[in-house]
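All I have is the shape, not the residue letters:
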């Protein structure tokens, strides 16, 4: 790969042969960032779960605040790669460092945009919502609905293996309608970097050696666009180098901040957190953070009281993320050649790594799994979310089950269910129904797949609150 191609400013509309676009005083990558900031899917993230579903407390992170934090860290990580400090042990060879520094603003803007959208396709109720949507297609009404796709795993797996990352690609490239069917019409450079995973659903292998293929990265509806972007940016089937930096930023943010939220919520105490770190050098990071807070409080005459643990967790996050950025920047430089040849396949912050930062991130992830995510209130809300999502999919399937080119009559139960669906999504669906099917695909099977994608797209795009409210209304509860 080379940076000239990777930073392609061609937009999806131009790649598809429908003409270019007119620029303004901003760079093309600044325009990408701004399009995301002003889009409706980014606004919905304010009411989507990060850790605690339907949480009434404002201080607990949502997907929106999490995404903003990842974007901030991603910008800093790119700069650390291009302009390393003394804390970064391994540095890029001079020609590569100079090349990245010359395009620093562009790469930072792409990284920030990719970070901002990295959770855009996540459904309501967090990762449990992903599993719940996939599970709907494996039993009951959903199993009957997907039956016509038997023998077509390339289509069925988009639904059975529902994945938020693949839906992010779909949102960016297709679903977010402006004036045509090109989604947000982002640049090839930004769209490429936003794809954390590069495998189609049927090719994903969570146990394989290549982490970039562990989960689905796109649906069959976007395969043609993905191929155009890969050819334009020169990545081929490999992950874009910027995606590694965004992944590292995300790992460092969620692993540390989810525990911070757990401390704020009182599901784990600061003292228990230090104990759970287990390893002496990792505990030392936390104790240093605590010492810093206590000394500052004494100097200012401030009595922190019960808030001391929260303050310590914030200072710990600052120190831990600084360690993670340095480690990730060093790993990027160390593996630069294999990253640029598309043969790396690992993660910059290796969960099995031996560096203090790698062990710290891995330990925080484990503490999150064992001490934060599995608390009873969270589990109860996740199970409630599954009931909500399955109930909504049951109703919405009635609206599209017998669709054959014309919407159902509005006064029928089917018509009323169909009217619940997003008008934009219905417009895109009805347009797609009339367009030629992909070469080698049975038309009836493809159109049945489109019906299932429609209801899945709509439910996945809901916020936690809206999904709960609509389900309650339909049940007359």
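Great, that's in hand. These numbers were taken from a predicted model, which means no experiment stands behind them.

which strands and helices sit next to the helix or strand harbouring residue 4?
If you go by DSSP states H and E, residue 4 is part of helix 3-6. Secondary-structure packing of helix 3-6 (3 or more CB pairs under 8 Å, 6 or more residues apart in numbering; DSSP states H and E): helix 223-233. The C-beta positions use only the backbone N, C-alpha and C, and glycine is treated the same way.

any idea how far the residue lying farthest from the centre of the chain is from residue 110?
Here the chain reaches farthest from its C-alpha mean at residue 301, the gap being 42.7 Å by CA atoms, centre = their mean. Distance, residue 301 to residue 110, using CB to CB, to the nearest Å: 46 Å.

Confirm for me that residue 186 is in contact with residue 11.
Yes. Judged on CB atoms under 8 Å, residue 186 makes contact with residue 11 at a distance of 6.6 Å.

These two - which one has more neighbours?
Ranked by neighbour count (other CB atoms under 10 Å), residue 186 and residue 11 place residue 186 first, with 29 against 24.

Please name the nearest non-neighbouring residue to the more buried one.
residue 32 (5.1 Å; CB to CB, 6 or more residues apart in numbering).

Which of the three states applies to the one you found?
Secondary structure assignment for residue 32 (DSSP: H, G, I helix; E, B strand; the rest coil): helix.

Next one, pLDDT for it please.
What the model reports as pLDDT for residue 32 is 95.

and the gap between it and residue 62?
Noted for residue 32: a distance of 23 Å to residue 62, by CB to CB.

More neighbours: which of those two?
Taking neighbours as other CB under 10 Å, residue 32 and residue 62 compare with residue 32 leading, 30 against 21.

before we move on, back to that, so how far is residue 291 from the residue farthest from the centre of the chain?
18 Å.

same deal with residue 325?
Here residue 325 is placed at a distance of 22 Å from residue 291 (CB to CB).

Which one of those two is surrounded by more residues?
For residue 325 versus residue 291, neighbours defined as other CB under 10 Å are more numerous around residue 325 (26 against 12).

I figured that one was touching residue 78, is that so?
No. The criterion here is CB under 8 Å, and residue 325 misses it with residue 78 at 10.1 Å.

what's the residue nearest to the spatial centre of the chain in contact with, if anything?
In the chain, the residue lying closest to the centroid (CA atoms, centre = their mean) is residue 119, at 2.6 Å. With contact set as CB atoms under 8 Å, 6 or more residues apart in numbering, residue 119 has these partners: 45, 48, 63, 66, 67, 164, 168.

again, only this time at 10 Å
Going by CB atoms under 10 Å, 6 or more residues apart in numbering, residue 119 touches 42, 45, 48, 50, 63-64, 66-67, 70, 126, 164-165, 168, 250, 254.

ok, now residue 296?
Residue 296 makes contacts with 302, 304, 311, 315, as judged by CB under 10 Å, 6+ apart.

SS state for it?
Three-state assignment for residue 296 (three-state DSSP): helix.

what pLDDT does it get?
pLDDT, residue 296: 92.

quick one: it from residue 314, how far?
Per CB to CB, residue 296 is found 12 Å from residue 314.

go on, residue 95?
40 Å.

Kindly report the same for residue 464.
Per CB to CB, residue 464 is found 26 Å from residue 314.

Comparing those two, which residue is more hemmed in?
Neighbours were tallied for residue 464 and for residue 314 using other CB under 10 Å; the higher tally belongs to residue 464 (24 against 15).

could you list every residue that touches the more buried one?
Contacts of residue 464 by CB under 10 Å, 6+ apart are 44, 47-49, 53-55, 62-63, 123-126, 129, 381, 385, 388.

what does residue 346 give?
Going by CB under 10 Å, 6+ apart, residue 346 touches 209, 210, 211, 212, 244, 331, 335, 338, 339, 352, 353.

returning to that earlier point: just the buried ones from the contacts of residue 296?
The neighbour-count criterion (16 or more other CB atoms under 10 Å) marks 311, 315 among the contacts of residue 296 as buried.

Redo the contacts of residue 296 as CSV? Include pLDDT.
Listed next are the contacts of residue 296 as CSV, based on pLDDT from 0 to 100:
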residue, pLDDT
302, 88
304, 86
311, 94
315, 96
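
So the residue nearest to the centre of the chain: helix, strand or coil?
Going by three-state DSSP: residue 119 is coil.

mind checking pLDDT for it?
Turning to residue 119, the model gives it a pLDDT of 94.

Where does the closest residue to residue 11 other than its chain neighbours sit, in terms of helix or strand?
In this structure, residue 11 finds its nearest non-sequential neighbour in residue 185, 5.0 Å apart by CB to CB, 6+ apart. For residue 185, there is no host helix or strand (DSSP H and E).

residues contacting residue 185?
Neighbouring residues of residue 185 by CB under 10 Å, 6+ apart: 11-16, 18, 21, 31-32, 35, 172-173, 176, 178-179, 191.
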